[in-house]
Structure formats: C-alpha cells, structure tokens
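> My questions concern the predicted model and sequence given below.
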Amino acid sequence: MKLKVTQIKSMIDYPKDQKRTIKALGLGRPNYSKIVNDSPQIRGMLNKVSHMVKVEEVKD
C-alpha cells in the first residue's frame with residue numbers, strides 16, 4: 001500500500017527535528033504532496049509530524 005502525504009502547515013516556528021522529518025518525507029512547502037511506501041519507519045515519521053500533514057491511502 002502507498003500513502004499520499006500532503007503538508008498542510010508551514011515549518012516556521014517548529015523544532016528542527018520536525019523540520020528534518022518533513023524534509024526526509026520529501027516535502028517542504030504547504031500544499032506539496034508526495035506518494036510514499038507504507039512502512040513502520042514512514043508511519044513513525046508521520047506520527048511525529050501528524051499536526052503538519054494530511055495522510056491518505058492510495059491503492060496501487
């Protein structure tokens with residue numbers, strides 16, 4: 001399964017670790033989207049920045 005991750009908030013005034021997580025997901029600006037593979041590592045990253053992103057499941 002794949003996930004569509006969309007950044008919904010700016011990274012301004014958030015801690016550096018959360019900014020690095022957003023960059024690692026391939027995002028960087030509000031309303032940017034990226035399709036990522038579903039894995040425990042990605043789920044952990046999404047959990048860390050859940051207040052900044054919207055996640056949708058995408059069928060293969």
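Structure received. Numbering: from 1, shown residues only.
> Strands of the protein, start to end?
For the chain, applying DSSP state E gives strands covering 2-7, 33-37, 53-58.
> what's the most buried one of those strands?
strand 2-7 (a mean of 17; mean count of other CB atoms under 10 Å). Glycine gets a C-beta too; all of them are placed from N, C-alpha and C.
> Put the alpha carbons of that strand into CSV.
Extracted in CSV, the C-alpha atoms of strand 2-7 (Å, rounded to 0.1, in the frame of the first residue of the first chain):
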residue,chain,number,x,y,z
LYS,A,2,1.1,3.6,-0.6
LEU,A,3,0.3,6.8,1.2
LYS,A,4,-0.3,10.3,-0.2
VAL,A,5,1.2,12.7,2.3
THR,A,6,0.3,16.4,1.9
GLN,A,7,1.9,19.1,4.0
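> List of residues touching it?
Identification of contacts with strand 2-7 by CB atoms under 8 Å, 6 or more residues apart in numbering yields 22, 25, 27-38, 42, 46, 52-58, 60.
> could you give the angle of that strand to strand 33-37?
150 degrees (axes from the mean of the first three to the mean of the last three CA atoms, to 10 degrees).
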